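# I would like the atomic coordinates for the input below:
(2 chains)
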Protein chains: 2
Amino acid sequence: MPSEFDLIRRHFTRAAVHTDLAVGDDAALLRPRAGMQLAVSTDMLVAGTHFFPDTDANALGWKTLAVNVSDLAAMGAEPRWATLALALPAADEDWLAAFADGFFACAMRYGVDLVGGDTTRGPLTLSVTIAGELPVGDAITRAGATPGDDIWISGQPGLAALGLAELRGQLALPGSLRDRCLAALHRPVPRVELGLALRGLASAMLDVSDGLLGDLGHILERSDVGAQVELDALPLPPLTQHGIDPVLARRCVLAGGDDYELLFTAPPAQRDAIAAVAEHLALPLSRIGTTTATPGELLLRESDGRFIPPLLGGYDHFA
Amino acid sequence: MPSEFDLIRRHFTRAAVHTDLAVGDDAALLRPRAGMQLAVSTDMLVAGTHFFPDTDANALGWKTLAVNVSDLAAMGAEPRWATLALALPAADEDWLAAFADGFFACAMRYGVDLVGGDTTRGPLTLSVTIAGELPVGDAITRAGATPGDDIWISGQPGLAALGLAELRGQLALPGSLRDRCLAALHRPVPRVELGLALRGLASAMLDVSDGLLGDLGHILERSDVGAQVELDALPLPPLTQHGIDPVLARRCVLAGGDDYELLFTAPPAQRDAIAAVAEHLALPLSRIGTTTATPGELLLRESDGRFIPPLLGGYDHFA
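Numbering: from 1, shown residues only, chains lettered A, B, ... in the order given. Predicted coordinates for the structure are as follows:
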């Protein structure tokens, strides 16, 4: 069996583009550009908890980095550097090669240098820490929403939840939607360009990893506001048009995790600018509600004006 | 059972000292000081591979951060920020509280802000990424040794290996040494002050995590030099004086891992300056050999002048 050092060298040494010293020493050396602040985030993915142990290794490599890139997108930061620590039950070279290919495909797509790593024996576990840059003061945190802001969601939330339900044998997706849902689940596309474009427009932002309503709750808590979500404004038609039951569609859009769409707030004065961003990026942005002055209160409004209670929170790994 | 979010908040939210925005958003925000380069490193510790599952949680918290701090010490960098990702089999609050106390004791000792984290369910696994600062160009890498440099080791290597052997029931340590060996194993002291003091003195450096000879091999490889180690110059007397068998002592000093002492090279012209550092820090520094012009060749010399082959490489998790 090749040694740990051989394996790391063979599959995880690729040219670093904007790093003074990358993998191979006790630490990597890098320099943020002048005037820039660093945004740093970390995620851990565990087999059996976050993905099926038999998940395609290439897709897993992509997703492992993509979910971290998404955290930086959610700050309006530009991804730059990442470290990867992985525990593997065995030194399976085919698996490592495919994983590395997927990981570096995402790294190259988003301009990320892999600058450090650790490989060890253990139950399959993947941990990435990512660092990006943004001009000092430009970060879009969860804390900036004020009452009366619009609430927006990017793209099509709910796809990954539908894909997961199909994989679990809980439903059979129509052929026209199946590939898109599985792609959303396995190869999520972090909204980096959107995050950058929303600097100066969005007042608060995060990426939806645990479900739209649960994650909206984090903005409400940090910004000390409430929210009213218009159920009619949710992007349901792209799902129901393919034959997805309207109740299931609503549930997937509101509570489905793992889509990595951006949920953000912005003053109504920015509507035109945001519409222009949507057009420029060819990415639908749905205005789904309004923040209110009642801290923590989350109301869902039906088309007939009735308010209904939120059904589902986020997905909590220990709940 | 408290939720994941509650647990994180309760035990891992402590004041950050030099961070613009710490735990709680999609990413932390931080700013390196002007003229500084960042040094970044990552490590993953897995129960059963790197530590016994029943290891004292407080000690484990200390060590989890300390081994990462040591990587920065080995570059001559000043530790500043860390992220922590942990997978836990269950949300055991007592364990988490003790772990956090040990982790933050180390963080406070070395001036590290915890700026990000992820907690999830899974087999006990700990992953830290650490970032520190050093003036641009001051890093002490593994690649700077030239033939004729002295080879130095800090402190007392071998203690952690003796402590591990005692825990495994392979030997019974004399009482006078036992506590010191177990402390070395459970609460290693990263040599940050030494790393900083060696800027401008050491030509190459790393921290000994896998064993002195194995890690020396990394310097030889990166610096394209060889080495001759004088066995008589090894810090064996502090072990043999306590009754440790000389053969075992030599083996522990040369091949024992987990001590996190600094192994470094320096031109002979720096001997006085290095002796002054040792005195100032009250830390023994042993000059144990010389680098040679034969790339990769590692010779061990007995007191009678005979050369013997290196017995043991580093500890390889997949070997």
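# who's in contact with A:H50?
By C-beta atoms under 8 Å, 6 or more residues apart in numbering or on different chains, A:H50 lies in contact with B:T120. In short, each C-beta sits where N, CA and C put it, glycine included.
# Give me the distance between the helix or strand A:G61 falls within and the centre of its chain.
Using DSSP states H and E, the element containing A:G61 is helix A:57-73. Taking C-alpha atoms, centre = their mean, to the nearest Å, one finds helix A:57-73 lying 8 Å from the centre of the chain it belongs to.
# Verify the stated contact: A:P235 with A:S286.
Yes - assessed by C-beta atoms under 8 Å, A:P235 is found in contact with A:S286 at 4.8 Å.
# which residues do the two both contact?
Shared contacts of A:P235 and A:S286, defined by C-beta under 8 Å, 6+ apart, comprise A:I153.
# what about the closest residue to A:G48 other than its chain neighbours, neighbour count?
In space, and not counting its chain neighbours, A:G48 is closest to B:G122: 7.2 Å by C-beta to C-beta, 6 or more residues apart in numbering or on different chains. By other C-beta atoms under 10 Å in any protein chain shown, the residues close to B:G122 number 22.
# and if you look at A:R178?
15.
# where's it, which helix or strand?
Using DSSP H and E, A:R178 falls within helix A:175-186.
# just checking, what packs against the helix or strand following that helix?
Next along the chain after helix A:175-186, taking DSSP H and E as the criterion, comes helix A:192-197. Judged by 3 or more C-beta pairs under 8 Å, 6 or more residues apart in numbering or on different chains; DSSP states H and E, the packing partners of helix A:192-197 are helix A:57-73, strand A:78-88, helix A:271-281.
# Now mean neighbour count, mean pLDDT and distance to chain B too, for those, in TSV please.
Converted to TSV, these look like this (neighbours: other C-beta atoms under 10 Å in any protein chain shown; pLDDT from 0 to 100; distance: least, C-beta to the nearest C-beta, whole Å):
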stretch	mean neighbour count	mean pLDDT	distance to chain B
helix A:57-73	26	96	5
strand A:78-88	26	93	4
helix A:271-281	14	98	19
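# will you turn the ones you listed into a markdown table that also has distance to B:Q270?
Converted to a markdown table, these look like this (distance: least, C-beta to C-beta, whole Å):
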| stretch | distance to B:Q270 |
| --- | --- |
| helix A:57-73 | 42 |
| strand A:78-88 | 32 |
| helix A:271-281 | 57 |
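# Quickly find the element holding A:S41.
Counting by DSSP H and E, A:S41 is part of strand A:36-46.
# do that strand and chain B meet at all?
Yes - Strand A:36-46 is in contact with chain B by C-beta under 8 Å from any C-beta of the partner chain, via A:37-46.
# And stretch A:252-262, by the same measure?
No - using C-beta under 8 Å from any C-beta, we find that stretch A:252-262 stays clear of chain B, coming within 9.9 Å at best.
# so how far is that stretch off the chain centroid?
9 Å.
# swap in stretch A:254-274?
13 Å.
# One more: stretch A:82-101?
22 Å.
# What is the end-to-end distance of that stretch?
15 Å (C-alpha to C-alpha, to the nearest Å).
# pLDDT averaged over stretch A:237-257 - what is it?
Averaged over stretch A:237-257, pLDDT sits at 91.
# Only C-alpha atoms, please: export that stretch in PDB.
Provided in PDB are the C-alpha atoms of stretch A:237-257 (Å, rounded to 0.1, in the frame of the first residue of the first chain):
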ATOM      1  CA  PRO A 237     -44.100  26.700 -10.500                       C
ATOM      2  CA  PRO A 238     -40.800  25.300 -11.800                       C
ATOM      3  CA  LEU A 239     -41.400  22.300  -9.600                       C
ATOM      4  CA  THR A 240     -45.200  21.900 -10.000                       C
ATOM      5  CA  GLN A 241     -45.000  22.300 -13.700                       C
ATOM      6  CA  HIS A 242     -43.000  19.000 -13.700                       C
ATOM      7  CA  GLY A 243     -45.800  17.300 -11.800                       C
ATOM      8  CA  ILE A 244     -44.500  17.700  -8.300                       C
ATOM      9  CA  ASP A 245     -47.300  17.800  -5.800                       C
ATOM     10  CA  PRO A 246     -47.800  21.500  -4.600                       C
ATOM     11  CA  VAL A 247     -47.700  20.500  -0.900                       C
ATOM     12  CA  LEU A 248     -44.500  18.600  -1.400                       C
ATOM     13  CA  ALA A 249     -43.000  21.400  -3.600                       C
ATOM     14  CA  ARG A 250     -43.700  24.000  -0.900                       C
ATOM     15  CA  ARG A 251     -42.200  21.800   1.800                       C
ATOM     16  CA  CYS A 252     -39.100  21.200  -0.200                       C
ATOM     17  CA  VAL A 253     -38.700  24.900  -1.000                       C
ATOM     18  CA  LEU A 254     -39.200  26.000   2.600                       C
ATOM     19  CA  ALA A 255     -37.400  23.300   4.500                       C
ATOM     20  CA  GLY A 256     -35.200  21.400   2.000                       C
ATOM     21  CA  GLY A 257     -31.500  21.800   2.800                       C
END
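# how much space between the residue sitting nearest the centre point of chain A and chain B?
In chain A, the centroid-proximal residue (C-alpha atoms, centre = their mean) is A:Y260; its distance is 2.8 Å. For A:Y260, the distance to chain B equals 11 Å [C-beta to the nearest C-beta, to the nearest Å].
# What is the neighbour count of A:P147?
15.
# that older thread, neighbouring contacts of the helix holding A:R178?
Contacts of helix A:175-186 (C-beta under 8 Å, 6+ apart): A:55-56, A:59-60, A:62-63, A:156, A:159-160, A:162-164, A:166-167, A:173, A:239, A:242, A:244, A:258-259.
# So which of the helices and strands packed on helix A:192-197 is nearest B:G111?
Taking C-beta to C-beta, strand A:78-88 is the member of the helices and strands packed on helix A:192-197 nearest to B:G111, at 20.7 Å.
# what helices or strands is the closest one leaning on?
Applying 3+ C-beta pairs under 8 Å, 6+ apart, one finds that strand A:78-88 contacts strand A:28-30, helix A:57-73, helix A:93-109, strand A:113-121, strand A:125-135, helix A:192-197, strand B:36-46, strand B:125-135.
# want to try JSON lines for the ones you listed, with distance to A:L185 as columns?
Converted to JSON lines, the helices and strands packed on strand A:78-88 look like this (distance: least, C-beta to C-beta, whole Å):
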{"stretch": "strand A:28-30", "distance to A:L185": "32"}
{"stretch": "helix A:57-73", "distance to A:L185": "9"}
{"stretch": "helix A:93-109", "distance to A:L185": "14"}
{"stretch": "strand A:113-121", "distance to A:L185": "24"}
{"stretch": "strand A:125-135", "distance to A:L185": "16"}
{"stretch": "helix A:192-197", "distance to A:L185": "19"}
{"stretch": "strand B:36-46", "distance to A:L185": "26"}
{"stretch": "strand B:125-135", "distance to A:L185": "24"}
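# To B:L84, which of the ones you listed lies closest?
Closest to B:L84 of these, according to C-beta to C-beta: strand B:125-135, at 5.5 Å.
# Give the buried residues for the closest one.
B:125-134 (16 or more other C-beta atoms under 10 Å in any protein chain shown).
# mind listing what that strand pairs with, with the direction of each?
Take DSSP bridges as the rule and strand B:125-135 pairs in its sheet with strand B:36-46 (antiparallel), strand B:78-88 (antiparallel).
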